[in-house]
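Participant: give the three-dimensional model of this entry:
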Amino acid sequence: MSAPVYVLGGYQTDFARNWMKEGQTIVEMITESVSEGFTAAGLEPQDVDVAHVGNFAAELYCKQGHLGAFLAEIDPALSGIPTSRHEAACASGSVSMLMASAEIEAGRYDLALIVGVEQMKTVDPATGGDFLGTAAWYDQEAKGVAFAFPKLFGQLGDVYEGRYGLKEEHLTRIAEINYANARRNPQAQTRGWFPDESQDLSSGKYVNPVAGRLRVRDCSQVTDGASSIFLASEAFAKKYADRHGLSVDQIPRLLGWGHHTAPIKFDTKIAESRDNPYVLPHTRQAIVDAFQRAGLPDAWSVQGIETHDCFTTSEYMAIDHFGLTQPGESWKAVEEGVIEFGGKLPVNASGGLIGCGHPVGATGVRQALDAYKQVSEQAGDYQIDGAQKIATLNIGGSGTTSVAMVIGR
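Facilitator: Presented below is the predicted three-dimensional model:
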C-alpha cells in the first residue's frame, strides 16, 4: 500500500476576470494563486519543499515559458526549491498533481505546492481556437480548421448518436444544470450571466452554431484563471494537524487516482473502441483505477463528481463512463435528475467548465480544490450535504489524456 497523500487546501482566482484588460500578466496570476493559497491553507512559504506548475500553452498565449521559475520570485523562501512544469493539454493541472503526489509517496518531499494556470484572453477567438488545436494532432485534425475542438467533441456526440441514439434536449439540460450551479459559486465565470433562476438557452446567442452539432450553450468558456493546491506527506500532515488543532483524520486525502493516455487522433480512438461498450475505454479505465485504488466499489460510493464538461457531449460521456448508467444510457441520469444539485449524485456542483470556467492548465487543480472544499465543508452555497468523498475527471485533448481522482476523508 502506498504512502498516504494529504490535501491541505489552496486558492482559486476569480474566473470571471480578464487579466490583460486589468494590465496584468500570467505572472500576477501565479503570484495571486500562490500567495492567497498560503493564507487559505494556513501555510508558510518556508514549509514548501517542491513545486509543480500545470500549464498548456503559455508560450502561445503569453509568449512565456519556464513558468516554474516564477515561483522563486514570489517569496525569498521559495528561491532554490525544485520546480517543474507539466503539459498534458486540458489535463495539465491534474498531471502536475500526480507528479507531486508520486514524489510524496516516494518520500522525496513532505509538502508540495501545485499551481495550475492559463491566461487565454490575450488573443481573438479564432486565434485562440487555433492554439487549442495543438492539443489534437494539429497537422491532421486542426490545421486550417476553425474551432477544431468543438468540431471534435461534436463528433463525440455523433458517435453516441450512431451507437446509442442522442437527443439535443439532454445536452441542453446538462448545460442548464451547470449554469444553475455556477450561480452559487462566487468564483465562477458565469455566476452573473443569469440574474435569477430563469435562464433561457433556447434563443439568442446561446443557440448560435459553433461546430457540427454543438451550439454556444454546449461549450465551456474561454477563461483566465489560476488555482493552487498543497499536497503533504503523513509526517507533515501530523505536524499541520497539531499546528491547527486538528486530528489528522480530519484532513482530506488523495484516496485514489487513475491515469491513461489514448491515441491522440480522435478517429483512432473511436476505431479502437468499436467493439467496446464504452466510447472512450481509456477514460473509463482511468475512472475504474481511481475507485479501485480508493477501495471503493463504484461511483455510488462518492457523494459528488467534478467532471470535465469542456462540452456537453464530454459530460454526457462521463455520466455513463462513471457508471451512473449503462453505456449509452446517460440520458436516464439527466431525465431523472440524478446529476442535479440535490440529486442522488450531483455532478459539477461548482458549475463545471461550462459554468465555472475552463482556464485549460488550471482546470484539473481547480477540480481537486473543489473536491477538497466539499469534503472539508468549505464549499459555501454549493456545498453538497454529507460530502465525504468526491471524484474528479480531467481530460486532455479529444479524450486523449484522462486523469481521475477520489479525494476524501
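Participant: tell me how far residue 54 lies from residue 99.
Facilitator: Plainly put, residue 54 is 9 Å away from residue 99 if you go by Cβ to Cβ, to the nearest Å. The way it works is simple: take the backbone N, C-alpha and C, and place the C-beta from them, glycine included.
Participant: overlap of the contact sets of these two?
Facilitator: residue 86 (Cβ atoms under 8 Å, 6 or more residues apart in numbering).
Participant: neighbours around residue 165, how many?
Facilitator: For residue 165, the neighbour count with other Cβ atoms under 10 Å is 10.
Participant: what about residue 54 and residue 99, which has more around it?
Facilitator: Using other Cβ under 10 Å, the more surrounded residue of residue 54 and residue 99 is residue 54, with 33 against 16.
Participant: what residues are up against that one?
Facilitator: Contact analysis of residue 54 by Cβ under 8 Å, 6+ apart lists 85-87, 92-97, 114-117, 361-362, 364-365.
Participant: and it, backbone torsions?
Facilitator: Taking degrees, to the nearest 10, you get phi -100, psi 120 for the backbone angles of residue 54.
Participant: any idea how far it lies from residue 68?
Facilitator: For residue 54, the distance to residue 68 (Cβ to Cβ) stands at 11 Å.
Participant: find the residues that touch each one of the two.
Facilitator: Counting by Cβ under 8 Å, 6+ apart, the residues touching both residue 54 and residue 68 are residue 85.
Participant: in this structure residue 288 contacts residue 258, no?
Facilitator: Yes. Assessed by Cβ atoms under 8 Å, residue 288 is found in contact with residue 258 at 6.7 Å.
Participant: so what does the nearest residue to residue 207 once chain neighbours are set aside look like in phi/psi?
Facilitator: Spatially, and ignoring its direct neighbours in sequence, residue 207 is nearest to residue 215 (5.3 Å; Cβ to Cβ, 6 or more residues apart in numbering). The phi/psi pair for residue 215 (degrees, to the nearest 10) reads phi -110, psi 170.
Participant: what residues does residue 215 make contact with?
Facilitator: Residue 215 makes contact with 206-209, according to Cβ under 8 Å, 6+ apart.
Participant: for residue 97, same thing?
Facilitator: Residue 97 touches 52, 54, 114, 229, 231, 254, 364-365, 368, 405, counting by Cβ under 8 Å, 6+ apart.
Participant: same check, this time on residue 74
Facilitator: 30-31, 34-35, 45.
Participant: and it, how far is that from residue 20?
Facilitator: 21 Å.
Participant: can you give me the separation between the nearest residue to residue 64 once chain neighbours are set aside and residue 400?
Facilitator: In space, and not counting its chain neighbours, residue 64 is closest to residue 58: 4.9 Å by Cβ to Cβ, 6+ apart. Distance from residue 58 to residue 400, counting by Cβ to Cβ: 20 Å.
Participant: comparing these two, which shows the higher neighbour count?
Facilitator: Taking neighbours as other Cβ under 10 Å, residue 58 and residue 400 compare with residue 400 leading, 26 against 23.
Participant: as a check, name the ranges of all helices in the stretch 151-300 of the chain.
Facilitator: Listed in chain order, the helices of the stretch 151-300 of the chain (DSSP state H, counting those that start in this stretch) span 168-182, 234-243, 266-272, 281-293.
Participant: who's more crowded, residue 288 and residue 258?
Facilitator: residue 258 (24 against 18).
Participant: check contacts around the residue nearest to the more buried one when sequence neighbours are not counted.
Facilitator: Distances taken as Cβ to Cβ, 6+ apart place residue 289 nearest to residue 258, at 3.1 Å, with adjacent residues excluded. Shown in contact with residue 289 (Cβ under 8 Å, 6+ apart): 256-260, 404.
Participant: quick revisit: among the contacts of residue 54, which ones are in strands?
Facilitator: 85-86, 114-117 (DSSP state E).
Participant: run a quick neighbour tally on residue 166.
Facilitator: Residues lying near residue 166 (other Cβ under 10 Å) number 21.
Participant: then residue 241?
Facilitator: By the criterion of other Cβ under 10 Å, residue 241 has 16 neighbours.
Participant: please apply the same query to residue 63.
Facilitator: Taking other Cβ under 10 Å as the criterion, the count of residues near residue 63 is 9.
Participant: for it, report the pLDDT, please.
Facilitator: On the pLDDT scale, residue 63 is placed at 98.
Participant: likewise the one 4 residues further on?
Facilitator: According to the model's per-residue confidence, residue 67 sits at a pLDDT of 98.
Participant: where's it relative to residue 37, distance?
Facilitator: Residue 67 sits 16 Å away from residue 37, going by Cβ to Cβ.
Participant: residue boundaries of the strands in the chain?
Facilitator: Counting by DSSP E, the strands of the chain are 6-12, 50-54, 83-86, 111-118, 209-211, 214-215, 225-232, 253-261, 304-306, 389-396, 401-408.
Participant: and the fifth one, what does it pack against?
Facilitator: Contacting strand 209-211 under the criterion 3 or more Cβ pairs under 8 Å, 6 or more residues apart in numbering; DSSP states H and E are the following elements: helix 148-163.
Participant: in the least confident helix or strand in the chain by mean pLDDT, what counts as buried?
Facilitator: The helix or strand of the chain with the poorest confidence is strand 209-211; it has a mean of 91 (mean pLDDT, DSSP states H and E). Buried positions in strand 209-211, judged by neighbour count with 16 or more other Cβ atoms under 10 Å: 210-211.
Participant: direction included, what does it pair up with?
Facilitator: strand 214-215 (antiparallel) (DSSP bridges).
Participant: so how far is the partner strand from its chain's centroid?
Facilitator: Offset of strand 214-215 from its chain centre (Cα atoms, centre = their mean, to the nearest Å): 21 Å.
Participant: cool, and stretch 177-197?
Facilitator: 17 Å.
Participant: for it, buried residues please.
Facilitator: Within stretch 177-197, the residues that count as buried by 16+ other Cβ under 10 Å are 177-185, 187-191, 194.
Participant: can you check stretch 399-409 too?
Facilitator: By 16+ other Cβ under 10 Å, the buried positions in stretch 399-409 come out as 399-408.
Participant: let me see the mean pLDDT of it.
Facilitator: Throughout stretch 399-409, pLDDT has a mean value of 97.
Participant: where are the low-confidence patches of the chain?
Facilitator: 1, 196-198 (pLDDT under 70).
Participant: touching, residue 249 and residue 409? I think so.
Facilitator: Yes. Contact criterion Cβ under 8 Å: residue 249 and residue 409 qualify, at 7.0 Å.
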